[in-house]
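Undergrad: With the sequence up front, the predicted model follows.
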Amino acid sequence: MTIVREQQVPAAPDGGVTTRQVADVTLPREELDRVWSPAYLERLASTYWRFLTRVSLGLLRVLYSEDAREVVVLTRPFVLLRFHAPEYEAEGDHGAVTWRIDRGILVAPAGRSRGYLRITVERPSEQETQHQAEVTGRVTSEVANFYPTIAGWGWFARIGGFLYGVTQLKIHVVITHAFLRSLARLDLAESRVGALASPRENP
């Protein structure tokens with residue numbers, strides 16, 4: 001596992017923030033082939049939420065509903081982030097799961113129903129790696145167009161943007177890097193929903 005780069009796009013004039021963390025994971029070809037399926041993309045999504053709960057020692061929990069995912073401090077009504085239900089893309093050498101941001105304590109009023117969290121996985125084409133015993137895939141975690149409450153607005157935005165950069169953003173980057181490194185173990189959580197499982201996997 002190699003962390004490739006960390007990229008933060010300068011905040012938009014209206015306060016929207018975008019940040020990306022990228023890692024390369026090298027696996028034996030047969031292992032990558034085994035997990036390269038829509039069902040495992042869904043399990044990757046579940047793994048992210050499980051990791052968040054574990055790394056916070058259970059302080060943060062993820063509540064599932066048919067149309068939302070909520071990150072809470074122990075329980076409602078302390079909803080830090082509320083996302084719409086995940087959207088999946090899986091075709092060829094590319095897969096992605098996107099949670100669109102709804103609202104929450106960490107989301108400024110201007111950021112409600114804007115922005116998203118997305119995890120993307122990519123692998124080289126079969127033609128590029130057909131004679132290789134190991135294959136390197138790329139995993140990207142991206143938060144785009146996020147409006148943090150702590151950054152404030154109006155005259156406070158300049159100070160608030162600095163506070164966000166040295167607190168909430170730093171914590172997010174550290175946790176995301178730890179999550180990306182954990183993927184090398186291929187310890188993927190079972191999906192709570194099983195929306196993409198095949199009939200054999202989810203009768």
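TA: Noted; the coordinates are in hand.
Undergrad: My guess is Arg181 contacts Ala23. True?
TA: Yes - the pair Arg181 and Ala23 qualifies as a contact (Cβ atoms under 8 Å) at a distance of 7.3 Å. For the C-beta atoms, the positions are set from N, CA and C on the backbone; glycine is no exception.
Undergrad: out of these two, which sits in the busier spot?
TA: Ala23 (21 against 14; other Cβ atoms under 10 Å).
Undergrad: Which of the helices or strands spans that one?
TA: strand 17-28 (DSSP states H and E).
Undergrad: I'd like the mean pLDDT over that strand, please.
TA: Average pLDDT, strand 17-28: 91.
Undergrad: Which strands and helices lie in contact with the following helix or strand past that strand?
TA: Counting by DSSP H and E, the next helix or strand C-terminal to strand 17-28 is helix 29-35. Judged by 3 or more Cβ pairs under 8 Å, 6 or more residues apart in numbering; DSSP states H and E, the packing partners of helix 29-35 are strand 134-146.
Undergrad: and the strand it packs on with strand 17-28, angle?
TA: 170 degrees (axes from the mean of the first three to the mean of the last three Cα atoms, to 10 degrees).
Undergrad: in its sheet, what does strand 134-146 sit against?
TA: Next to strand 134-146 in the sheet, as set by DSSP bridges, lie strand 17-28 (antiparallel), strand 116-122 (antiparallel).
Undergrad: and of those, who's closest to Thr129?
TA: Thr129 lies closest, by Cβ to Cβ, to one member of those: strand 17-28, at 11.1 Å.
Undergrad: Please enumerate the strands of the protein.
TA: Here the chain has its strands, by DSSP state E, at 2-9, 17-28, 60-65, 68-73, 79-84, 87-91, 94-103, 116-122, 134-146.
Undergrad: mean confidence score for the longest one?
TA: Same thing as strand 134-146. Strand 134-146 shows a mean pLDDT of 92.
Undergrad: May I have the longest helix seen in the chain as PDB, with CA atoms only?
TA: For the chain, the helix with the greatest residue count under DSSP state H is helix 38-55. Presented in PDB, the C-alpha positions along helix 38-55 are these (Å, rounded to 0.1, in the frame of the first residue of the first chain):
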ATOM      1  CA  PRO A  38     -20.100  -5.000  -7.800                       C
ATOM      2  CA  ALA A  39     -20.800  -7.000  -4.600                       C
ATOM      3  CA  TYR A  40     -17.300  -6.300  -3.300                       C
ATOM      4  CA  LEU A  41     -17.700  -2.600  -4.300                       C
ATOM      5  CA  GLU A  42     -20.700  -2.500  -1.900                       C
ATOM      6  CA  ARG A  43     -18.600  -4.300   0.700                       C
ATOM      7  CA  LEU A  44     -15.900  -1.700   0.300                       C
ATOM      8  CA  ALA A  45     -18.500   1.000   1.100                       C
ATOM      9  CA  SER A  46     -19.600  -0.900   4.200                       C
ATOM     10  CA  THR A  47     -15.900  -1.200   5.200                       C
ATOM     11  CA  TYR A  48     -15.500   2.500   5.200                       C
ATOM     12  CA  TRP A  49     -18.300   3.000   7.700                       C
ATOM     13  CA  ARG A  50     -17.100   0.100   9.900                       C
ATOM     14  CA  PHE A  51     -13.600   1.600   9.900                       C
ATOM     15  CA  LEU A  52     -15.000   5.000  11.000                       C
ATOM     16  CA  THR A  53     -16.800   3.400  14.000                       C
ATOM     17  CA  ARG A  54     -13.700   1.400  15.000                       C
ATOM     18  CA  VAL A  55     -11.300   4.200  14.800                       C
END
